[in-house]
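>>> Sequence and predicted structure, then a few things I'm wondering about:
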Amino acid sequence: MILRNTIAGQLVVLLLIYGRHTLLSSAKTVTSEQMSLALPEPRAYLPDAQNLDFVYHDHEELTRFLRATSARYPNLTALYSIGKSIQGRDLWVMVVSSSPYEHMVGKPDVKYVGNIHGNEPVGREMLLHLIQYFVSSYNTDQYVKWLLDNTRIHILPTMNPDGYAVSKEGTCDGGQGRYNARGFDLNRNFPDYFKQNNKRGQPETDAVKDWISKIQFVLSGSLHGGALVASYPYDNTPNSRLLKGICRSSALCAMFQTYSAAPSLTPDDDVFKHLSLVYARNHAKMSRGVACKSATPAFENGITNGAAWYPLTGGMQDFNYVWYGCMEITLEISCCKFPPAYELKKYWEDNQLSLIKFLAEAHRGVQGFVFDPAGMPIERASIKIKGRDVGFQTTKYGEFWRILLPGYYKAEVFAEGYAPREVEFVIVEQHPTLLNVTLQASKYNVGSARKPKKERKQRHLLHDELQTPNE
Ligand SMILES: *[C@@H]1O[C@H](CO)[C@@H](O)[C@H](O)[C@H]1NC(C)=O
Ligand SMILES: *[C@@H]1O[C@H](CO)[C@@H](O)[C@H](O)[C@H]1NC(C)=O
Ligand SMILES: [Zn+2]
(Lines give C-alpha, C1' and ligand atoms only; values in the text may rest on other atoms or scores of the structure.)
(Ligands and ions follow the chains in the order given, each with its own letter.)
Protein backbone atom coordinates (compact mmCIF):
# COMPACT_ATOMS: atom_id res chain seq x y z
CA MET A 1 0.00 0.00 0.00
CA ILE A 2 1.30 3.43 -0.83
CA LEU A 3 0.20 6.64 0.82
CA ARG A 4 0.98 9.99 -0.65
CA ASN A 5 0.91 13.19 1.35
CA THR A 6 1.91 16.60 0.28
CA ILE A 7 3.92 18.14 3.05
CA ALA A 8 5.54 21.53 2.62
CA GLY A 9 5.11 21.27 -1.10
CA GLN A 10 6.99 18.03 -1.31
CA LEU A 11 5.72 14.64 -2.23
CA VAL A 12 6.40 12.25 0.56
CA VAL A 13 5.93 8.62 -0.15
CA LEU A 14 5.55 6.44 2.87
CA LEU A 15 6.07 2.79 2.55
CA LEU A 16 4.39 0.27 4.73
CA ILE A 17 5.53 -3.22 5.31
CA TYR A 18 3.27 -5.97 4.28
CA GLY A 19 1.44 -7.60 7.18
CA ARG A 20 2.74 -5.20 9.82
CA HIS A 21 1.58 -1.93 11.21
CA THR A 22 4.94 -0.47 12.02
CA LEU A 23 6.40 2.01 9.64
CA LEU A 24 9.85 0.73 8.93
CA SER A 25 10.88 2.45 5.78
CA SER A 26 10.32 5.77 4.18
CA ALA A 27 11.04 7.51 0.97
CA LYS A 28 11.13 11.21 0.29
CA THR A 29 12.18 13.67 -2.30
CA VAL A 30 15.52 15.38 -2.22
CA THR A 31 16.42 18.98 -1.68
CA SER A 32 17.08 21.23 -4.60
CA GLU A 33 20.86 21.07 -4.19
CA GLN A 34 20.67 17.50 -5.42
CA MET A 35 18.64 18.29 -8.49
CA SER A 36 20.37 18.63 -11.82
CA LEU A 37 17.35 19.39 -13.97
CA ALA A 38 16.96 22.90 -12.66
CA LEU A 39 20.53 23.76 -13.51
CA PRO A 40 21.71 25.45 -16.67
CA GLU A 41 23.48 23.16 -19.14
CA PRO A 42 27.19 22.74 -18.54
CA ARG A 43 29.16 25.34 -20.41
CA ALA A 44 31.60 24.51 -23.14
CA TYR A 45 35.15 24.25 -21.98
CA LEU A 46 37.74 26.46 -23.50
CA PRO A 47 40.88 24.38 -23.66
CA ASP A 48 44.04 26.05 -22.57
CA ALA A 49 47.00 24.66 -24.46
CA GLN A 50 49.27 25.65 -21.61
CA ASN A 51 47.66 23.09 -19.35
CA LEU A 52 46.67 20.44 -21.83
CA ASP A 53 47.00 20.58 -25.57
CA PHE A 54 45.08 18.51 -28.11
CA VAL A 55 47.90 16.07 -28.79
CA TYR A 56 48.49 12.48 -27.74
CA HIS A 57 50.27 12.13 -24.43
CA ASP A 58 52.64 9.23 -23.85
CA HIS A 59 52.77 7.58 -20.45
CA GLU A 60 55.33 9.99 -19.01
CA GLU A 61 53.42 13.03 -20.22
CA LEU A 62 50.15 11.58 -18.98
CA THR A 63 51.70 10.93 -15.58
CA ARG A 64 53.12 14.44 -15.47
CA PHE A 65 49.75 15.99 -16.32
CA LEU A 66 47.95 13.98 -13.64
CA ARG A 67 50.58 14.79 -10.99
CA ALA A 68 50.58 18.49 -11.86
CA THR A 69 46.78 18.62 -11.77
CA SER A 70 46.53 16.89 -8.42
CA ALA A 71 49.13 19.29 -7.02
CA ARG A 72 47.33 22.31 -8.43
CA TYR A 73 43.82 21.25 -7.38
CA PRO A 74 44.30 19.45 -4.04
CA ASN A 75 40.71 20.14 -3.02
CA LEU A 76 39.18 18.69 -6.14
CA THR A 77 41.43 15.82 -7.17
CA ALA A 78 43.25 12.81 -5.79
CA LEU A 79 45.60 10.60 -7.76
CA TYR A 80 46.05 6.92 -7.04
CA SER A 81 47.33 3.85 -8.86
CA ILE A 82 45.32 0.63 -8.92
CA GLY A 83 48.34 -1.43 -9.98
CA LYS A 84 50.85 -1.76 -12.76
CA SER A 85 50.80 -3.05 -16.29
CA ILE A 86 53.04 -5.98 -17.25
CA GLN A 87 55.79 -3.56 -18.26
CA GLY A 88 55.47 -1.69 -14.98
CA ARG A 89 53.43 1.34 -16.01
CA ASP A 90 51.09 2.65 -13.32
CA LEU A 91 47.37 2.33 -13.90
CA TRP A 92 46.54 5.83 -12.70
CA VAL A 93 43.12 6.81 -11.47
CA MET A 94 42.27 10.45 -10.93
CA VAL A 95 39.33 11.17 -8.64
CA VAL A 96 37.57 14.41 -9.35
CA SER A 97 35.11 15.50 -6.70
CA SER A 98 34.67 18.10 -3.99
CA SER A 99 35.53 15.19 -1.68
CA PRO A 100 38.41 13.59 -3.57
CA TYR A 101 39.91 11.64 -0.68
CA GLU A 102 36.82 10.30 1.00
CA HIS A 103 33.66 8.63 -0.15
CA MET A 104 30.69 10.91 0.55
CA VAL A 105 28.23 8.75 2.45
CA GLY A 106 24.98 8.57 0.53
CA LYS A 107 26.48 9.91 -2.70
CA PRO A 108 27.45 7.76 -5.65
CA ASP A 109 30.90 6.87 -6.99
CA VAL A 110 31.13 6.58 -10.78
CA LYS A 111 33.95 5.85 -13.22
CA TYR A 112 35.29 6.08 -16.72
CA VAL A 113 37.82 3.63 -18.13
CA GLY A 114 39.79 4.56 -21.23
CA ASN A 115 42.13 2.78 -23.59
CA ILE A 116 41.42 -0.85 -22.56
CA HIS A 117 42.44 -1.51 -26.15
CA GLY A 118 45.83 0.15 -26.44
CA ASN A 119 45.35 1.22 -30.07
CA GLU A 120 42.07 3.05 -29.29
CA PRO A 121 43.40 6.15 -27.52
CA VAL A 122 40.82 8.85 -28.31
CA GLY A 123 39.06 8.03 -25.02
CA ARG A 124 42.35 8.31 -23.16
CA GLU A 125 42.81 11.89 -24.39
CA MET A 126 39.13 12.74 -23.88
CA LEU A 127 39.42 11.67 -20.25
CA LEU A 128 42.44 13.93 -19.68
CA HIS A 129 40.44 16.82 -21.10
CA LEU A 130 37.46 15.86 -18.98
CA ILE A 131 39.66 16.12 -15.88
CA GLN A 132 40.93 19.50 -17.03
CA TYR A 133 37.39 20.63 -17.80
CA PHE A 134 36.13 19.67 -14.36
CA VAL A 135 38.88 21.31 -12.34
CA SER A 136 38.88 24.49 -14.42
CA SER A 137 35.06 24.86 -14.41
CA TYR A 138 34.21 23.98 -10.82
CA ASN A 139 34.11 27.57 -9.62
CA THR A 140 32.36 29.02 -12.64
CA ASP A 141 29.93 26.38 -13.89
CA GLN A 142 26.94 25.50 -11.71
CA TYR A 143 26.37 22.18 -13.39
CA VAL A 144 29.95 21.03 -12.90
CA LYS A 145 29.89 22.24 -9.31
CA TRP A 146 26.69 20.33 -8.64
CA LEU A 147 28.11 17.18 -10.24
CA LEU A 148 31.39 17.32 -8.31
CA ASP A 149 29.66 18.22 -5.04
CA ASN A 150 27.38 15.21 -5.33
CA THR A 151 29.47 12.58 -7.09
CA ARG A 152 32.94 11.06 -6.83
CA ILE A 153 34.20 10.60 -10.35
CA HIS A 154 37.06 8.12 -10.81
CA ILE A 155 38.87 8.35 -14.12
CA LEU A 156 41.27 5.66 -15.38
CA PRO A 157 42.52 7.24 -18.63
CA THR A 158 44.45 4.16 -19.69
CA MET A 159 43.89 0.56 -18.70
CA ASN A 160 46.39 -0.68 -21.28
CA PRO A 161 49.42 1.65 -21.31
CA ASP A 162 51.69 -1.08 -22.72
CA GLY A 163 49.44 -1.60 -25.73
CA TYR A 164 49.33 2.15 -26.28
CA ALA A 165 53.12 2.31 -26.29
CA VAL A 166 53.30 0.10 -29.40
CA SER A 167 50.33 1.65 -31.24
CA LYS A 168 50.72 4.00 -34.18
CA GLU A 169 49.02 7.33 -34.68
CA GLY A 170 47.05 7.39 -37.93
CA THR A 171 46.29 3.66 -37.88
CA CYS A 172 42.54 3.34 -38.19
CA ASP A 173 42.17 -0.44 -38.18
CA GLY A 174 44.04 -3.54 -37.15
CA GLY A 175 45.20 -5.10 -33.94
CA GLN A 176 48.67 -3.76 -33.28
CA GLY A 177 48.65 -2.38 -29.74
CA ARG A 178 45.15 -3.65 -29.02
CA TYR A 179 46.45 -6.30 -26.59
CA ASN A 180 48.48 -6.07 -23.41
CA ALA A 181 52.20 -6.88 -23.45
CA ARG A 182 51.46 -10.60 -23.24
CA GLY A 183 49.07 -10.53 -26.16
CA PHE A 184 45.81 -10.72 -24.18
CA ASP A 185 42.69 -8.78 -25.15
CA LEU A 186 41.75 -7.19 -21.82
CA ASN A 187 38.11 -6.86 -22.86
CA ARG A 188 37.95 -10.66 -23.16
CA ASN A 189 39.72 -11.26 -19.87
CA PHE A 190 36.97 -10.92 -17.25
CA PRO A 191 34.94 -13.69 -15.66
CA ASP A 192 31.88 -14.32 -17.80
CA TYR A 193 28.34 -14.98 -16.68
CA PHE A 194 27.31 -17.12 -19.64
CA LYS A 195 30.44 -19.04 -20.38
CA GLN A 196 33.53 -20.33 -18.63
CA ASN A 197 36.37 -17.95 -19.45
CA ASN A 198 39.62 -19.91 -19.44
CA LYS A 199 41.87 -17.00 -20.34
CA ARG A 200 44.56 -16.44 -17.74
CA GLY A 201 43.81 -13.31 -15.70
CA GLN A 202 46.12 -10.45 -16.60
CA PRO A 203 47.59 -7.89 -14.15
CA GLU A 204 45.62 -5.05 -15.75
CA THR A 205 42.35 -6.97 -15.48
CA ASP A 206 43.13 -8.11 -11.95
CA ALA A 207 43.80 -4.51 -10.93
CA VAL A 208 40.41 -3.43 -12.29
CA LYS A 209 38.62 -6.38 -10.65
CA ASP A 210 40.20 -5.51 -7.34
CA TRP A 211 39.31 -1.84 -7.78
CA ILE A 212 35.63 -2.46 -8.48
CA SER A 213 35.40 -4.95 -5.63
CA LYS A 214 36.46 -2.20 -3.21
CA ILE A 215 34.38 0.71 -4.45
CA GLN A 216 30.69 0.33 -5.17
CA PHE A 217 30.50 2.08 -8.54
CA VAL A 218 26.99 2.93 -9.61
CA LEU A 219 27.65 3.87 -13.22
CA SER A 220 30.55 3.43 -15.62
CA GLY A 221 31.61 4.05 -19.20
CA SER A 222 34.37 2.24 -21.06
CA LEU A 223 35.78 4.20 -24.00
CA HIS A 224 36.76 2.55 -27.27
CA GLY A 225 37.34 3.40 -30.91
CA GLY A 226 36.66 1.81 -34.27
CA ALA A 227 32.93 2.56 -34.39
CA LEU A 228 30.47 5.25 -33.36
CA VAL A 229 27.93 3.69 -31.02
CA ALA A 230 26.94 3.24 -27.38
CA SER A 231 26.76 -0.49 -26.74
CA TYR A 232 25.12 -1.99 -23.66
CA PRO A 233 25.00 -5.40 -21.87
CA TYR A 234 24.87 -8.19 -22.36
CA ASP A 235 27.88 -8.63 -24.61
CA ASN A 236 27.58 -12.37 -24.30
CA THR A 237 24.62 -14.61 -24.87
CA PRO A 238 23.49 -18.01 -23.62
CA ASN A 239 23.18 -19.03 -27.28
CA SER A 240 26.91 -18.98 -27.87
CA ARG A 241 27.24 -21.75 -25.29
CA LEU A 242 24.44 -23.68 -26.92
CA LEU A 243 25.99 -23.36 -30.35
CA LYS A 244 29.32 -24.55 -29.06
CA GLY A 245 27.69 -27.85 -28.17
CA ILE A 246 26.09 -28.16 -31.57
CA CYS A 247 28.79 -27.21 -34.01
CA ARG A 248 31.98 -29.17 -34.52
CA SER A 249 34.79 -26.80 -35.38
CA SER A 250 35.35 -23.42 -33.82
CA ALA A 251 35.48 -21.80 -37.27
CA LEU A 252 32.00 -23.13 -37.90
CA CYS A 253 30.88 -21.90 -34.50
CA ALA A 254 32.21 -18.44 -35.26
CA MET A 255 30.23 -18.45 -38.48
CA PHE A 256 27.07 -19.54 -36.72
CA GLN A 257 27.54 -16.82 -34.13
CA THR A 258 27.98 -14.16 -36.77
CA TYR A 259 24.73 -15.07 -38.42
CA SER A 260 22.84 -15.72 -35.22
CA ALA A 261 23.79 -12.45 -33.50
CA ALA A 262 20.62 -11.82 -31.57
CA PRO A 263 20.09 -9.36 -28.74
CA SER A 264 20.99 -10.65 -25.29
CA LEU A 265 18.96 -8.40 -23.04
CA THR A 266 19.39 -7.74 -19.34
CA PRO A 267 16.41 -7.31 -17.01
CA ASP A 268 17.47 -3.65 -16.86
CA ASP A 269 17.24 -3.22 -20.61
CA ASP A 270 15.10 -0.08 -20.31
CA VAL A 271 17.77 1.54 -18.14
CA PHE A 272 20.67 0.48 -20.35
CA LYS A 273 18.92 1.77 -23.45
CA HIS A 274 18.22 5.02 -21.69
CA LEU A 275 21.83 5.43 -20.54
CA SER A 276 23.09 4.68 -24.04
CA LEU A 277 20.67 7.21 -25.50
CA VAL A 278 21.81 9.87 -23.05
CA TYR A 279 25.31 9.44 -24.41
CA ALA A 280 24.30 9.20 -28.06
CA ARG A 281 21.86 12.13 -28.02
CA ASN A 282 24.23 14.51 -26.28
CA HIS A 283 26.93 13.59 -28.77
CA ALA A 284 27.30 15.72 -31.88
CA LYS A 285 26.68 12.84 -34.29
CA MET A 286 26.32 9.46 -32.61
CA SER A 287 22.52 9.35 -32.47
CA ARG A 288 22.28 9.91 -36.23
CA GLY A 289 23.42 6.31 -36.53
CA VAL A 290 25.51 6.83 -39.62
CA ALA A 291 27.72 3.87 -40.52
CA CYS A 292 31.46 4.46 -40.24
CA LYS A 293 32.06 2.70 -43.57
CA SER A 294 29.74 1.15 -46.07
CA ALA A 295 30.81 -2.31 -44.87
CA THR A 296 30.02 -1.65 -41.18
CA PRO A 297 26.59 -1.55 -39.59
CA ALA A 298 24.57 1.62 -39.04
CA PHE A 299 23.12 1.67 -35.55
CA GLU A 300 19.61 2.97 -35.05
CA ASN A 301 19.82 6.04 -32.79
CA GLY A 302 23.51 5.29 -32.30
CA ILE A 303 22.96 2.54 -29.75
CA THR A 304 23.08 -1.26 -29.77
CA ASN A 305 22.88 -4.25 -27.53
CA GLY A 306 26.39 -5.72 -27.35
CA ALA A 307 25.50 -9.28 -28.35
CA ALA A 308 23.25 -8.06 -31.16
CA TRP A 309 26.32 -6.40 -32.67
CA TYR A 310 28.57 -9.39 -32.02
CA PRO A 311 28.74 -11.66 -28.97
CA LEU A 312 31.93 -11.83 -26.95
CA THR A 313 33.10 -13.66 -23.85
CA GLY A 314 34.96 -12.07 -20.94
CA GLY A 315 33.92 -8.45 -21.56
CA MET A 316 34.20 -5.82 -18.85
CA GLN A 317 30.66 -4.42 -19.00
CA ASP A 318 28.87 -7.69 -18.32
CA PHE A 319 31.24 -8.31 -15.40
CA ASN A 320 30.55 -4.89 -13.86
CA TYR A 321 26.82 -5.39 -14.09
CA VAL A 322 26.43 -9.03 -13.07
CA TRP A 323 29.04 -9.16 -10.32
CA TYR A 324 28.73 -5.70 -8.80
CA GLY A 325 25.49 -4.18 -10.04
CA CYS A 326 27.44 -1.37 -11.75
CA MET A 327 25.74 -0.13 -14.90
CA GLU A 328 28.57 -0.02 -17.41
CA ILE A 329 28.22 0.66 -21.11
CA THR A 330 30.79 0.64 -23.91
CA LEU A 331 31.30 3.89 -25.77
CA GLU A 332 32.76 3.62 -29.24
CA ILE A 333 33.65 7.21 -29.98
CA SER A 334 35.74 7.26 -33.18
CA CYS A 335 35.44 5.44 -36.48
CA CYS A 336 39.22 5.52 -36.78
CA LYS A 337 40.88 3.76 -33.88
CA PHE A 338 43.92 6.03 -33.70
CA PRO A 339 43.11 9.19 -35.68
CA PRO A 340 45.70 11.92 -36.23
CA ALA A 341 46.14 14.31 -33.31
CA TYR A 342 44.79 17.31 -35.19
CA GLU A 343 41.33 15.68 -35.03
CA LEU A 344 41.32 15.45 -31.22
CA LYS A 345 39.82 18.88 -30.70
CA LYS A 346 36.88 17.90 -32.87
CA TYR A 347 36.41 14.68 -30.92
CA TRP A 348 36.36 16.66 -27.72
CA GLU A 349 33.70 19.02 -29.08
CA ASP A 350 31.62 16.02 -30.16
CA ASN A 351 31.86 14.22 -26.81
CA GLN A 352 32.11 16.82 -24.07
CA LEU A 353 28.42 17.14 -23.27
CA SER A 354 27.87 13.37 -23.48
CA LEU A 355 30.71 12.68 -21.07
CA ILE A 356 29.20 14.99 -18.47
CA LYS A 357 25.50 14.22 -18.91
CA PHE A 358 26.11 10.48 -18.80
CA LEU A 359 27.72 10.70 -15.35
CA ALA A 360 24.82 12.76 -14.02
CA GLU A 361 22.57 9.75 -14.67
CA ALA A 362 23.96 8.23 -11.46
CA HIS A 363 21.49 10.55 -9.75
CA ARG A 364 18.46 8.93 -11.31
CA GLY A 365 16.49 6.20 -9.59
CA VAL A 366 16.50 5.03 -6.00
CA GLN A 367 19.11 5.44 -3.31
CA GLY A 368 19.18 4.88 0.40
CA PHE A 369 20.33 2.81 3.33
CA VAL A 370 19.57 -0.52 4.95
CA PHE A 371 19.61 -0.41 8.75
CA ASP A 372 19.20 -2.89 11.57
CA PRO A 373 16.60 -2.20 14.30
CA ALA A 374 19.20 -0.23 16.29
CA GLY A 375 19.76 2.06 13.30
CA MET A 376 23.15 0.59 12.46
CA PRO A 377 23.97 0.09 8.78
CA ILE A 378 23.80 -3.44 7.40
CA GLU A 379 26.67 -4.21 5.05
CA ARG A 380 26.19 -6.60 2.15
CA ALA A 381 22.44 -6.70 2.41
CA SER A 382 21.21 -7.98 -0.96
CA ILE A 383 18.65 -6.01 -2.89
CA LYS A 384 16.71 -6.97 -5.94
CA ILE A 385 14.21 -4.89 -7.80
CA LYS A 386 11.28 -7.19 -8.45
CA GLY A 387 11.23 -8.43 -12.01
CA ARG A 388 14.92 -7.58 -12.42
CA ASP A 389 16.86 -10.62 -11.48
CA VAL A 390 20.29 -9.03 -11.29
CA GLY A 391 20.75 -7.82 -7.75
CA PHE A 392 23.18 -5.62 -5.89
CA GLN A 393 24.48 -5.17 -2.36
CA THR A 394 24.82 -2.48 0.26
CA THR A 395 28.16 -0.90 1.13
CA LYS A 396 29.74 -0.93 4.57
CA TYR A 397 27.70 2.18 5.35
CA GLY A 398 24.54 0.30 4.40
CA GLU A 399 24.15 2.40 1.24
CA PHE A 400 22.69 1.34 -2.08
CA TRP A 401 21.86 2.99 -5.40
CA ARG A 402 19.97 1.78 -8.44
CA ILE A 403 19.33 3.67 -11.62
CA LEU A 404 15.65 3.26 -12.58
CA LEU A 405 13.29 5.08 -14.91
CA PRO A 406 10.04 6.64 -13.59
CA GLY A 407 7.49 4.10 -12.38
CA TYR A 408 6.31 1.99 -9.43
CA TYR A 409 8.73 -0.61 -8.14
CA LYS A 410 9.09 -3.23 -5.45
CA ALA A 411 12.44 -4.03 -3.89
CA GLU A 412 13.27 -7.23 -2.07
CA VAL A 413 15.85 -6.79 0.68
CA PHE A 414 17.68 -9.71 2.31
CA ALA A 415 20.49 -10.01 4.81
CA GLU A 416 21.74 -12.95 6.77
CA GLY A 417 20.17 -13.00 10.23
CA TYR A 418 17.29 -10.70 9.28
CA ALA A 419 13.80 -11.27 8.05
CA PRO A 420 13.53 -10.44 4.34
CA ARG A 421 11.49 -7.41 3.42
CA GLU A 422 9.64 -6.17 0.43
CA VAL A 423 9.19 -2.42 -0.03
CA GLU A 424 7.37 -0.39 -2.64
CA PHE A 425 8.53 2.92 -3.98
CA VAL A 426 7.93 5.39 -6.74
CA ILE A 427 10.51 6.86 -9.11
CA VAL A 428 9.88 10.24 -10.66
CA GLU A 429 11.78 11.97 -13.43
CA GLN A 430 12.89 15.05 -11.56
CA HIS A 431 15.02 13.65 -8.75
CA PRO A 432 16.11 10.43 -7.08
CA THR A 433 13.87 8.69 -4.55
CA LEU A 434 15.42 8.31 -1.12
CA LEU A 435 14.53 5.02 0.50
CA ASN A 436 15.68 3.78 3.90
CA VAL A 437 14.88 0.23 4.88
CA THR A 438 15.05 -1.24 8.37
CA LEU A 439 15.35 -5.00 8.64
CA GLN A 440 14.12 -6.86 11.73
CA ALA A 441 16.17 -9.69 13.19
CA SER A 442 14.95 -13.04 12.01
CA LYS A 443 12.73 -14.79 14.58
CA TYR A 444 14.65 -18.00 14.26
CA ASN A 445 18.13 -18.74 15.37
CA VAL A 446 20.25 -17.99 12.36
CA GLY A 447 23.59 -18.28 14.09
CA SER A 448 24.07 -21.55 12.26
CA ALA A 449 22.68 -20.31 8.97
CA ARG A 450 24.40 -21.93 6.06
CA LYS A 451 27.15 -19.95 4.47
CA PRO A 452 27.15 -19.34 0.75
CA LYS A 453 29.10 -22.07 -0.96
CA LYS A 454 31.66 -19.77 -2.46
CA GLU A 455 32.64 -16.17 -2.07
CA ARG A 456 31.88 -15.73 -5.78
CA LYS A 457 28.36 -16.99 -5.30
CA GLN A 458 27.73 -14.42 -2.64
CA ARG A 459 28.59 -11.64 -5.02
CA HIS A 460 26.94 -13.29 -7.93
CA LEU A 461 23.42 -12.28 -7.26
CA LEU A 462 21.64 -14.09 -10.00
CA HIS A 463 21.43 -17.19 -7.87
CA ASP A 464 18.15 -18.26 -6.43
CA GLU A 465 19.63 -19.06 -3.06
CA LEU A 466 19.45 -15.38 -2.24
CA GLN A 467 15.71 -15.55 -2.52
CA THR A 468 15.46 -18.21 0.13
CA PRO A 469 14.27 -16.74 3.41
CA ASN A 470 16.79 -17.02 6.23
CA GLU A 471 14.79 -19.43 8.25
C1 LIG B 1 17.95 7.83 5.51
O2 LIG B 1 19.07 7.66 6.33
C3 LIG B 1 20.06 8.63 6.16
C4 LIG B 1 21.30 8.21 6.96
O5 LIG B 1 20.99 8.04 8.30
C6 LIG B 1 19.51 9.98 6.58
O7 LIG B 1 20.50 10.98 6.40
C8 LIG B 1 18.31 10.30 5.70
O9 LIG B 1 17.70 11.50 6.11
C10 LIG B 1 17.29 9.17 5.77
N11 LIG B 1 16.27 9.41 4.77
C12 LIG B 1 14.99 9.16 4.98
C13 LIG B 1 14.11 9.37 3.81
O14 LIG B 1 14.56 8.79 6.03
C1 LIG C 1 41.28 24.01 -0.14
O2 LIG C 1 40.29 24.08 0.89
C3 LIG C 1 40.78 24.68 2.07
C4 LIG C 1 39.71 24.51 3.15
O5 LIG C 1 38.45 24.84 2.66
C6 LIG C 1 41.12 26.13 1.79
O7 LIG C 1 41.59 26.76 2.95
C8 LIG C 1 42.19 26.15 0.70
O9 LIG C 1 42.46 27.49 0.34
C10 LIG C 1 41.76 25.40 -0.51
N11 LIG C 1 42.88 25.27 -1.43
C12 LIG C 1 42.80 25.53 -2.72
C13 LIG C 1 44.05 25.35 -3.51
O14 LIG C 1 41.76 25.86 -3.26
ZN1 LIG D 1 37.94 -1.53 -28.34
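Everything's here; your move. Ligands and ions are numbered 1, 2, ... in the order given.
>>> Look at the residue of the stretch 301-450 of the chain found nearest ligand 3 and give its secondary structure.
Closest approach of the stretch 301-450 of the chain to ligand 3 (Cβ to the ion) occurs at residue 332, with a separation of 7.2 Å. In short, each C-beta sits where N, CA and C put it, glycine included. Per DSSP: H, G, I helix; E, B strand; the rest coil, the local secondary structure of residue 332 is strand.
>>> show me where this protein has helices.
With DSSP state H as the criterion, the chain has helices at 59-72, 122-137, 142-150, 161-165, 203-214, 238-246, 250-260, 269-282, 306-309, 316-324, 344-360, 455-459.
>>> Kindly present those as a markdown table, with separate columns for mean pLDDT, mean neighbour count and distance to residue 440.
Below are the helices of the chain laid out as a markdown table (pLDDT from 0 to 100; neighbours: other Cβ atoms under 10 Å; distance: least, Cβ to Cβ, whole Å):
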| stretch | mean pLDDT | mean neighbour count | distance to residue 440 |
| --- | --- | --- | --- |
| helix 59-72 | 97 | 16 | 46 |
| helix 122-137 | 97 | 24 | 43 |
| helix 142-150 | 97 | 20 | 32 |
| helix 161-165 | 98 | 25 | 50 |
| helix 203-214 | 98 | 19 | 29 |
| helix 238-246 | 56 | 14 | 38 |
| helix 250-260 | 55 | 13 | 49 |
| helix 269-282 | 98 | 20 | 30 |
| helix 306-309 | 95 | 22 | 41 |
| helix 316-324 | 98 | 24 | 27 |
| helix 344-360 | 97 | 20 | 36 |
| helix 455-459 | 38 | 14 | 22 |
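>>> To residue 177, which of those lies closest?
Smallest distance to residue 177 across the helices of the chain (Cβ to Cβ): 4.6 Å, for helix 161-165.
>>> same for that closest one, what does it pack against?
Helix 161-165 makes packing contacts with helix 59-72 when contacts are defined by 3 or more Cβ pairs under 8 Å, 6 or more residues apart in numbering; DSSP states H and E.
>>> do that again at 6 Å, thanks
Contacting helix 161-165 under the criterion 3 or more Cβ pairs under 6 Å, 6 or more residues apart in numbering; DSSP states H and E is no other helix or strand.
>>> how near is the residue in the stretch 201-350 of the chain that ligand 3 sits nearest to to ligand 1?
The nearest approach of the stretch 201-350 of the chain to ligand 3 comes at residue 224, 3.4 Å away (Cβ to the ion). Residue 224 sits 38 Å away from ligand 1, taking Cβ to the nearest ligand atom, to the nearest Å as the criterion.
>>> thinking that residue is in contact with residue 334, fair?
No: with contact defined as Cβ atoms under 6 Å, residue 224 and residue 334 do not form a contacting pair (8.6 Å).
>>> Point out the residues in the stretch 51-200 of the chain that sit beside ligand 3.
Those residues of the stretch 51-200 of the chain that sit near ligand 3, judged by Cβ under 5 Å from the ion, are 117, 120.
>>> neighbour count winner among residue 224 and residue 334?
More neighbours surround residue 334 than the other of residue 224 and residue 334, with 26 against 22 (other Cβ atoms under 10 Å).
>>> can you list contacts of stretch 141-154?
For stretch 141-154, contacts defined as Cβ atoms under 6 Å, 6 or more residues apart in numbering pick out 39, 42-43, 93, 95-98, 107-111, 134, 137-138, 360.
>>> one more time with 7 Å, if that's ok
34, 36, 39-43, 76, 93, 95-99, 103-104, 107-111, 134, 137-138, 356, 359-360, 362-363 (Cβ atoms under 7 Å, 6 or more residues apart in numbering).
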